[in-house]
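Participant: any chance you can model this:
(chains A and B)
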2 protein chains.
Amino acid sequence: MTGFDATAVRVVACDIFGTTVDWRTGVAGQVAAVAAEHGVDLDGGVFADDWRDRYLPSMRRVNDGLRDWAYLDTLHRESLDALLGDRGLADAFDGAARDRLVRVWHRLPAWPDAADGLARLRRRHVVAALSNGGFALMTHLIKAAGLPFDCVLSAELARAYKPAPEAYLTAARLLDVAPSQILMVACHTWDIDGARAAGLATAFLERPLEKGPAREADRASATTSDLTVTGFPQLADVLGC
Amino acid sequence: MTGFDATAVRVVACDIFGTTVDWRTGVAGQVAAVAAEHGVDLDGGVFADDWRDRYLPSMRRVNDGLRDWAYLDTLHRESLDALLGDRGLADAFDGAARDRLVRVWHRLPAWPDAADGLARLRRRHVVAALSNGGFALMTHLIKAAGLPFDCVLSAELARAYKPAPEAYLTAARLLDVAPSQILMVACHTWDIDGARAAGLATAFLERPLEKGPAREADRASATTSDLTVTGFPQLADVLGC
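Facilitator: Model prediction:
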């Protein structure tokens, strides 16, 4: 953590899925409820894991130019369709049910420390959501979770997904700051690596339960970041907010 | 107002300069303060009027393709430079002072009814700022004024200024709604006309003092809108929020 200058931070940019909200608990519970309505027996947590496993590969195909830009709802729908097919559930959910399932990602519970910590960070910084989720998805999610962000940013505005540098640099351009004046907060090594490569400052926020109890979450020790914290209040402490 | 269906509204998009914040009072006061510091005698209100008079023409040159995209801070700086030259004040303000003057547009007082009315509208709708101000400017302004928007949208995201249809249609695309599901709230006829032409629903919010006591503000009777209101709380009443 040597050499990090907290006074240079003007924008705190926060990853959302995993870092700010507990996607797995939210997706698992809502999927299980929709499945029960349709008389389908499935484990919501395992389904959430399998769906999320298709997340990074689906975005990589966009970033690698193998397909045109598509926002996250579209990628979620395609990966849902594939997942249901693989599980022999293609006939269990019609189009309307699948639309509902895609929308579960629009309504997820915040980690308990998030709202208070973000409110403290806002006192001295512009606090932005910077997610691979689409702009509408992010707006719905943040509104429903009551999270006090100053603005919503999305990979959709760059038409490139994190960890592509354009996703981070578009945020810097829109907020009219140098990349080094943004502190990216994330619980995934690939996001920290992408932000650092784009010239942002980085804070690894450890979320040990981000992938549920059976899988190991990313750890700060697996990458290099300017800061390592265990929650948003601790980040506010470190930044003197 | 016949034929307007309030239940179809999913997004309330609000113009900012004039509609939500009192740009003239804010610019006049801050300009007068900077001028006094520099020993320059000027009427802040008249200066604000003259500066604002260059606003629409500067954006029109972008929309007409006479110049490349430039965000509002850049247009404000250019029009400031021209204005100071015309007034024989070119030597009175150096670059740093001009930077400060451009930034006065980032910090303007909200109209007294705005925060409460927006908070009510948020209960049932996504409430977005939709301004010709740049994304950073809008984020700073909304943060400083404590206005409870769900998200910030800016002409900068479309690289086209209102009243160009792209500015409104980009908002609809990013929020994943049909243009007709957005209610545009504005105090200027040109903004209402642009929104209506792009297929949005419209609410003319009358701000009689928007251009100060000596100039006549735009009036709802000069255009056609779905709704006419005199403040955000009345709009919340009409929409049942």
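
Participant: switch to C-alpha atoms for all contacts and neighbour counts from now on
Facilitator: Fine.

Participant: in chain A, which spans are strands?
Facilitator: In chain A, the segments counted as strands under DSSP state E are A:11-14, A:126-131, A:151-154, A:182-186, A:201-205, A:227-229.

Participant: what's the closest of the ones you listed to chain B?
Facilitator: strand A:151-154 (5.7 Å; C-alpha to the nearest C-alpha).

Participant: how about the closest one, does it reach chain B?
Facilitator: Yes. Using C-alpha under 8 Å from any C-alpha of the partner chain, strand A:151-154 comes into contact with chain B via A:151-152.

Participant: ok, that strand: who's next to it in the sheet?
Facilitator: Paired strands of strand A:151-154, with direction, are strand A:126-131 (parallel) (DSSP bridges).

Participant: make CSV out of the strands of chain A and add mean neighbour count and mean pLDDT.
Facilitator: Below are the strands of chain A laid out as CSV (neighbours: other C-alpha atoms under 10 Å in any protein chain shown; pLDDT from 0 to 100):
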stretch, mean neighbour count, mean pLDDT
strand A:11-14, 26, 98
strand A:126-131, 25, 98
strand A:151-154, 27, 98
strand A:182-186, 28, 98
strand A:201-205, 27, 98
strand A:227-229, 20, 98
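
Participant: now render those as a markdown table, adding distance to B:N63.
Facilitator: Below are the strands of chain A laid out as a markdown table (distance: least, C-alpha to C-alpha, whole Å):
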| stretch | distance to B:N63 |
| --- | --- |
| strand A:11-14 | 31 |
| strand A:126-131 | 29 |
| strand A:151-154 | 25 |
| strand A:182-186 | 31 |
| strand A:201-205 | 36 |
| strand A:227-229 | 44 |
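
Participant: quick one: closest of those strands to A:T20.
Facilitator: strand A:11-14 (7.4 Å; C-alpha to C-alpha).

Participant: list of residues touching that closest one?
Facilitator: A:20, A:121, A:125-131, A:181-186 (C-alpha atoms under 8 Å, 6 or more residues apart in numbering or on different chains).

Participant: for chain A, which residues are neighbours of chain B?
Facilitator: A:126, A:134-136, A:139-140, A:143, A:150-152, A:157, A:174-176.

Participant: switch to 6 Å and redo it
Facilitator: Along chain A, the residues adjacent to chain B under the rule C-alpha under 6 Å from any C-alpha of the partner chain are A:135-136, A:151-152, A:174-175.

Participant: closest to B:R215 out of the strands of chain A?
Facilitator: Distance to B:R215, taken as C-alpha to C-alpha, is lowest for strand A:151-154 among the strands of chain A, at 34.1 Å.

Participant: chain center to the closest one: distance?
Facilitator: With C-alpha atoms, centre = their mean, to the nearest Å as the basis, strand A:151-154 stands 12 Å off its chain's centre.

Participant: ok, stretch A:99-110 next?
Facilitator: The answer for stretch A:99-110 is 13 Å, by C-alpha atoms, centre = their mean.

Participant: where do the helices of chain A begin and end?
Facilitator: Secondary structure of chain A, counting by DSSP state H: helices at A:23-37, A:44-53, A:55-63, A:72-86, A:95-103, A:114-122, A:135-145, A:155-158, A:165-174, A:189-197, A:232-238.

Participant: B:A48 versus A:V238, what's the distance?
Facilitator: 41 Å (C-alpha to C-alpha, to the nearest Å).

Participant: higher neighbour count, the two?
Facilitator: B:A48 (22 against 13; other C-alpha atoms under 10 Å in any protein chain shown).

Participant: now do the contacts for the closest residue to that one other than its chain neighbours.
Facilitator: Nearest residue to B:A48, sequence neighbours excluded (C-alpha to C-alpha, 6 or more residues apart in numbering or on different chains): B:A28, at 5.4 Å. Contact analysis of B:A28 by C-alpha atoms under 6 Å, 6 or more residues apart in numbering or on different chains lists B:44-45, B:48.

Participant: let's go with 8 Å and repeat that
Facilitator: B:A28 sits next to B:43-48 when contact means C-alpha under 8 Å, 6+ apart.

Participant: same question for A:T223.
Facilitator: A:T223 makes contact with A:189, A:192-193 under the criterion C-alpha under 8 Å, 6+ apart.

Participant: and A:C187, how far is that from B:D237?
Facilitator: 43 Å.

Participant: okay, now the domains of chain A?
Facilitator: Chain A is divided into the following domains under automatic domain parsing: A:6-22+A:108-238, A:24-106.

Participant: looking at those domains, which is buried most?
Facilitator: Mean neighbours per residue, mean count of other C-alpha atoms under 10 Å in any protein chain shown, is largest over those for domain A:6-22+A:108-238, with a mean of 21.

Participant: start to end distance for it?
Facilitator: 8 Å.

Participant: related to what we said a few turns ago, make CSV out of the domains of chain A and add distance to B:E210.
Facilitator: Shown next, in CSV, are the domains of chain A (distance: least, C-alpha to C-alpha, whole Å):
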stretch, distance to B:E210
domain A:6-22+A:108-238, 26
domain A:24-106, 38
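
Participant: for B:A164, find the nearest of the ones you listed.
Facilitator: domain A:6-22+A:108-238 (19.2 Å).

Participant: rewinding a little: ok, the residue nearest to B:A48 to chain A distance?
Facilitator: 25 Å (C-alpha to the nearest C-alpha, to the nearest Å).

Participant: sweet, I'm off.
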